[in-house]
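Undergrad: Predicted structure and sequence below. I'll ask about it afterward.
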Amino acid sequence: MAQTETTLSSKLERFFDLKENKTNVRTEIIAGITTFMTMAYILAVNPSTLGDAGMDPGGVFTATALSAIIATVIMALYAKYPFALAPGMGLNAFFAYTVVLKMGYSWEFALTCVLAEGIIFIILTFLNVREAIFNAIPQCIKYSVSAGIGLFITFIGMQGAGIIVNNDATLVSLGDMTAAPAVLALVGVVLTVVLLKKNVRGALLIGILGTYGLGIIAQLIGWYVPNPEMGLYPLLPSAVVSLPPSLNEVAFKFAPFSEVFANIDTILSFIIVTFTFLFVDLFDTLGTLMGVASKADYLDKEGKLPRIKQALFADAVGTTVGAALGTSTVTTFVESSAGVADGGRTGLTSIVTAICFGIALIFSPIFLAIPAFATAPALIVVGIFMLDGITKVDFSDLTELLPAFLTMVMMPLAYSISEGLVFGSISYVLVKVFTGKRKEVHWMMYILAVVFAFKLIAPTLFNL
């Protein structure tokens, strides 16, 4: 038995080049579990969101897990990066609340747009268009993306714990700091930092589980009171095992040609919606790859990411397969940075994350019981780690600093990685051109600036 384990460990080490990447099997396993824990919320949120569009929540749950498994395994084995994929937040909201509920199209129509986007992405990947865009983006923006993602996921973590809440007067404000979720999340942050300072392996994962354990105690003594209407769900799972719901109601349910090509308005809407999915997914993915790759020191001296074509292919196939299974656009998750911060450096981390999604299909009651405030400490601490990217920007050159700054701050403020890239890229082109430094601008950046500017005004033009 011991010999078998040694042989397996040796094979994994050789296939994923663990020694070369200064990691080991144990570290990769812990990192993979950490990544899964920080993104497992999508298993609950995605069915709820797409359910509002009329889709079967049970079927969407299964489609969410399966699409995450398939895309993440492709990333692990083909690109060999510790990046995990799943149906993305924001894109699922656009699917449900804009395309279906606001524009009035069926969810089958929206799903067809996602399929078209995925196919286009596969074509663009093989033509190296996405790789060329990644390489054309200047270093100052690439470095600032890492810091922007750090602020973004910190914001997400604080929202999940109720530390930051919505406020009509000031948009956001401080939440109730005597409430159990907020207090437990802050305790979790301190616990995680102490463990990290003491060089405890798996500190982020221990922080998540420790905070969850404290939450269970808080519920048992009556401090944490479940209230689903306020987003406070019971922390003790109602069951241990649950068979995955059927895909019959959502898989391969595409709109018929008669609906897509009914008239010029539906054709135009199909093109606009598909382009919107395409645009947001493209730059969310590129931004995530830039930020997480920068933090893991994957970028070479020219700011290029080795095997980026393979990573983008995993994303494209994930979206296409996800649409066929019955879910919205699959994208690379920014929460992958949590696994990287916990030491994950190879595709073995992604394999473990994919296995966790597989386990979740059977043991979903347990995983869905882990609350947002338990994963908040990991997101907040990882946010700290990712801030150092901004220090690589030349602060003495305002034409470099302004685009970097806008890229960084617009991600949390606009709640979108792609919007950060939009503002950073447009400002980069403008300040370089008007300060006589147009030769420093890659020709593709001019095209991107025009496309980004159009993207900003498109919602008004097309009433989206």
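TA: Right, received. Where do you want to start? Residues are numbered from 1 along each chain as shown.
Undergrad: If I look at the closest residue to Ile29 other than its chain neighbours, what pLDDT would I see?
TA: Across the structure, with Cβ to Cβ, 6 or more residues apart in numbering as the measure, the residue nearest Ile29 apart from its sequence neighbours is Val352 (5.2 Å). C-beta here means a position set from N, CA and C on the backbone, and glycine is covered the same way. As summarised for this prediction, Val352 has a pLDDT of 97.
Undergrad: got the contact list for the residue most central in space within the chain?
TA: For the chain, the residue sitting closest to the mean C-alpha position, by Cα atoms, centre = their mean, is Phe333 at 2.3 Å. By Cβ atoms under 8 Å, 6 or more residues apart in numbering, the contact set of Phe333 is 35, 39, 42, 83-86, 88, 288.
Undergrad: ok, Gly213 to Leu235 distance?
TA: Between Gly213 and Leu235 the distance is 9 Å, computed by Cβ to Cβ, to the nearest Å.
Undergrad: Between the two, which has more neighbouring residues?
TA: When Gly213 is set against Leu235 and neighbours are counted by other Cβ atoms under 10 Å, the residue ahead is Leu235, at 21 against 13.
Undergrad: Could you pull up the residues touching that one?
TA: By Cβ under 8 Å, 6+ apart, the contact list for Leu235 reads 212, 215-216, 219, 224, 226, 369, 371.
Undergrad: let's go with 6 Å and repeat that
TA: 215-216, 219, 369 (Cβ atoms under 6 Å, 6 or more residues apart in numbering).
Undergrad: and if you look at Ala262?
TA: Residues in contact with Ala262, defined by Cβ under 6 Å, 6+ apart, are absent; none qualify.
Undergrad: State the number of residues packed around Thr460.
TA: The burial count assigned to Thr460 is 8, neighbours taken as other Cβ under 10 Å.
Undergrad: Now do it, the pLDDT please.
TA: Here the pLDDT value assigned to Thr460 is 74.
Undergrad: Helix, strand, or coil at Val165?
TA: Reduced to three states with DSSP: H, G, I helix; E, B strand; the rest coil, the structure at Val165 is strand.
Undergrad: That one pairs with what?
TA: Per DSSP bridges, the residues bridged to Val165 are Ser173.
Undergrad: pLDDT value on it, please?
TA: As summarised for this prediction, Val165 has a pLDDT of 93.
Undergrad: For Gly318, see how far away it is.
TA: Computed with Cβ to Cβ, the distance linking Val165 and Gly318 is 33 Å.
Undergrad: Asn167 now?
TA: Counting by Cβ to Cβ, the separation of Asn167 from Gly318 is 36 Å.
Undergrad: More neighbours: which of these two?
TA: Legend: neighbour count by other Cβ under 10 Å for Asn167 and Gly318, higher for Gly318 (30 against 11).
Undergrad: check which helix or strand covers that one.
TA: Element membership of Gly318, judged by DSSP states H and E, is helix 308-325.
Undergrad: so where do the strands sit in this protein?
TA: For the chain, applying DSSP state E gives strands covering 85-87, 164-167, 171-174, 330-332.
Undergrad: For Gly207, which of those strands is the nearest?
TA: Among the strands of the chain, the nearest to Gly207 by Cβ to Cβ is strand 164-167 (19.3 Å).
Undergrad: Name the residues of the closest one that are buried.
TA: By neighbour count with 16 or more other Cβ atoms under 10 Å, strand 164-167 contains the buried residues Ile164.
Undergrad: go on, stretch 294-308?
TA: For stretch 294-308, the buried set under the neighbour-count rule, 16+ other Cβ under 10 Å, comprises 294-296, 298-299, 303, 305, 308.
Undergrad: Turn those into CSV, columns for pLDDT.
TA: Below are the buried residues of stretch 294-308 laid out as CSV (pLDDT from 0 to 100):
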residue, pLDDT
Ser294, 81
Lys295, 77
Ala296, 80
Tyr298, 86
Leu299, 82
Gly303, 78
Leu305, 88
Ile308, 90
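Undergrad: nearest to Ala203, of those residues?
TA: If you rank the buried residues of stretch 294-308 by distance to Ala203 using Cβ to Cβ, Lys295 comes first, at 16.3 Å.
Undergrad: how far away is that closest one from Gly148?
TA: 12 Å.
Undergrad: so Ala316 touches Phe121, yeah?
TA: Yes. Judged on Cβ atoms under 6 Å, Ala316 makes contact with Phe121 at a distance of 3.7 Å.
Undergrad: still on that earlier bit, go ahead and confirm the residue nearest to Ile29 touches Gly32.
TA: Yes. With contact defined as Cβ under 6 Å, Val352 counts as touching Gly32 (2.5 Å).
Undergrad: For these two, indicate the residue with more neighbours.
TA: More crowded of Val352 and Gly32, by other Cβ under 10 Å: Gly32, with 28 against 25.
Undergrad: and that one, what does it touch?
TA: Applying Cβ under 6 Å, 6+ apart to Gly32 gives the contacts 349, 352-353.
Undergrad: Dump those into a markdown table; add distance to Phe261 as well.
TA: Converted to a markdown table, the contacts of Gly32 look like this (distance: Cβ to Cβ, whole Å):
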| residue | distance to Phe261 |
| --- | --- |
| Thr349 | 44 |
| Val352 | 44 |
| Thr353 | 40 |
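Undergrad: Just the closest of those residues to Asn263, please.
TA: Each of the contacts of Gly32 was checked against Asn263 using Cβ to Cβ; the closest is Thr353, at 44.1 Å.
Undergrad: all helices for the stretch 251-400 of the chain, in order.
TA: Ranges of helices within the stretch 251-400 of the chain are 257-260, 264-295, 308-325, 336-341, 347-362, 364-368, 372-386, 398-414, based on DSSP state H, counting those that start in this stretch.
Undergrad: re earlier: just among the contacts of Leu235, which is most surrounded?
TA: With neighbours taken as other Cβ under 10 Å, the top of the contacts of Leu235 is Gly215, carrying 24 neighbours.
Undergrad: where does the stretch 1-150 of the chain have low pLDDT?
TA: Of all residues in the stretch 1-150 of the chain, those with pLDDT under 70 make up the ranges 1-6.
Undergrad: quick one: the helices in it?
TA: In order along the chain, the stretch 1-150 of the chain carries the following helices (DSSP H, counting those that start in this stretch): 2-15, 25-39, 42-51, 57-74, 91-93, 107-126, 129-136, 139-160.
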